[in-house]
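Student: Structure for this input, please:
(one chain, ligands or ions: 2)
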Amino acid sequence: MPEINRKTAIKTIKILAAVLLVIFTLAIEYLPGTPSWDDIYAAAGLRTKTIKDFSLSDLTVVYLDVGQGDCEFIYTKDTAILIDTGPYGNAQKIKDLLRDFGLTKINYLIITHQHDDHIGSLPDLEQMVEIENRIIPDENTKMSGITLTLPVDGDEDMTLRFLGPVYKNDSLNNMSLVIKLTYKETSFLFTGDAEADEEGTLLRTYDAEVLRSDVLKVGHHGSDSSSTPAFVSAVAPRYAVISVGADNDYGHPCRSVLTTLASAEIHRTDLEGTIICTTDGSALTFYNTK
Ligand SMILES: [Zn+2]
Ligand SMILES: [Zn+2]
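Tutor: Ligands and ions are numbered 1, 2, ... in the order given. Down below sits the predicted model:
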């Protein structure tokens, strides 16, 4: 084949290949019934699982993997609540999570305390998502004694009871909102970065029955400043979730905390990615996304 014809032939094949790729891409994106790229990636094992891969129940609690930080999402058919946003850089991840639930807005945004690893993504998130109600405490806010009662699927209620902080404390971590979510027979405790001081106050203020929870979001990313044996024993969690970054600089979670939590089933975002717990108000089911 003369040189000039060979070059033209190669060029034609390249153009044809490009056109075919564009057609294939458009078909994947727009034709009804064809798998999405997400489905193809998932089938090839190239994508971590998302909420769409699990069967949801009445109440879903997501412990979003935001690296070294905290971000929890509480979902029922009636209400979407976000507790903390994780550090800067997670707004898109939160928006994607909402999209997976078919949501464009958050009904309640709650910040446990204003450290970057809990509030850092809020400015970006506010630009992306509608937020109806905000509960953002400062270093003087005492929330104990307040209870939010919210419907779950129209008839049953869940309650969010704010247990702490009870007193003002010089450490912002010890001013973390401590929230107990109760739905029928199940309960979840969210502790932000509450340390031994605030745990001690909670122990002195409430009967153990008030603190007792099925699922404990372990305080301060598994630091040994938190999760005193007395507090963990009062909460008596069946499951403990540690929200922590892989290979973080702090050595979290601490070995001593893991020992204190030994009687609970421990889930860690650094090992499992985003952790999802669903419940009908009686049984609890855990999934992870890795
Ligand atoms: Zn923190
Ligand atoms: Zn903190």
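Student: Chain neighbours aside, what residue packs nearest to S213?
Tutor: L189 (3.8 Å; C-beta to C-beta, 6 or more residues apart in numbering). Any C-beta I mention is one placed from the backbone N, CA and C, and that applies to glycine too.
Student: Ramachandran angles for that neighbour?
Tutor: phi -110, psi 130 (degrees, to the nearest 10).
Student: Just list the residues touching it, thanks.
Tutor: Neighbour list for L189: V178, I179, K180, L181, L211, S213, V215, L216, K217, V235, P237 [criterion: C-beta atoms under 8 Å, 6 or more residues apart in numbering].
Student: Domains in this protein, by residue range?
Tutor: 1-47, 51-288 (automatic domain parsing).
Student: would you list the ones you listed in TSV and tack on mean pLDDT?
Tutor: Compiled in TSV, those are given as follows (pLDDT from 0 to 100):
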stretch	mean pLDDT
domain 1-47	69
domain 51-288	96
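Student: Check those domains for me and report the most buried one.
Tutor: domain 51-288 (a mean of 19; mean count of other C-beta atoms under 10 Å).
Student: Between the domains of the chain, which one is closest to ligand 1.
Tutor: domain 51-288 (4.3 Å; C-beta to the ion).
Student: Now do the closest one: distance to the chain's middle.
Tutor: Centroid separation for domain 51-288 versus its chain: 8 Å, with C-alpha atoms, centre = their mean, to the nearest Å.
Student: That one vs ligand 2: in contact?
Tutor: Yes. Domain 51-288 reaches ligand 2 (C-beta under 5 Å from the ion) through H115, N173, D193.
Student: Wait, the last one touches H118, no?
Tutor: Think D193. Yes. Contact criterion C-beta atoms under 8 Å: D193 and H118 qualify, at 7.3 Å.
Student: who touches both of these two?
Tutor: D70, T112.
Student: Now do the helices in this structure.
Tutor: 3-30, 37-43, 91-100, 116-119, 122-128, 196-205, 208-211, 229-235, 255-260, 269-272 (DSSP state H).
Student: export the residues of domain 51-288 next to ligand 2 to JSON lines and tack on distance to L150?
Tutor: What follows is the residues of domain 51-288 next to ligand 2, written out as JSON lines (distance: C-beta to C-beta, whole Å):
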{"residue": "H115", "distance to L150": "26"}
{"residue": "N173", "distance to L150": "27"}
{"residue": "D193", "distance to L150": "25"}
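Student: Tell me which of the residues you listed fall in strands.
Tutor: In strands, judged by DSSP state E, none of those are found.
Student: Specify which member of those residues is nearest to F54.
Tutor: Set against F54, the nearest of these by C-beta to C-beta is D193 (28.6 Å).
Student: how about that closest one, what does it touch?
Tutor: 70, 112-113, 115, 118, 172-173, 176, 219-221, 223, 226.
Student: Tell me how far the nearest residue to Y206 once chain neighbours are set aside lies from ligand 2.
Tutor: Spatial nearest neighbour of Y206, chain neighbours left out: L163 (6.5 Å); criterion: C-beta to C-beta, 6+ apart. Separation of L163 from ligand 2 (C-beta to the ion, to the nearest Å): 17 Å.
Student: Which residues are in contact with L163?
Tutor: Here L163 is in contact with S144, V178, I179, K180, L202, T205, Y206, V210, L211 (C-beta under 8 Å, 6+ apart).
Student: Can you pick out the most distant pair from those?
Tutor: The span of the contacts of L163, defined through C-beta to C-beta, is set by I179 and T205 at 14.7 Å.
Student: I figured V235 hits S213, correct?
Tutor: Yes. Counting by C-beta under 8 Å, S213 is a contact partner of V235 at 5.4 Å.
Student: In contact with the closest residue to K105 other than its chain neighbours, which residues are there?
Tutor: Closest residue in space to K105, ignoring its immediate chain neighbours: E130 at 3.8 Å, by C-beta to C-beta, 6+ apart. For E130, the contacting residues are T104, K105, I106, by C-beta under 8 Å, 6+ apart.
Student: Good, wrapping up.
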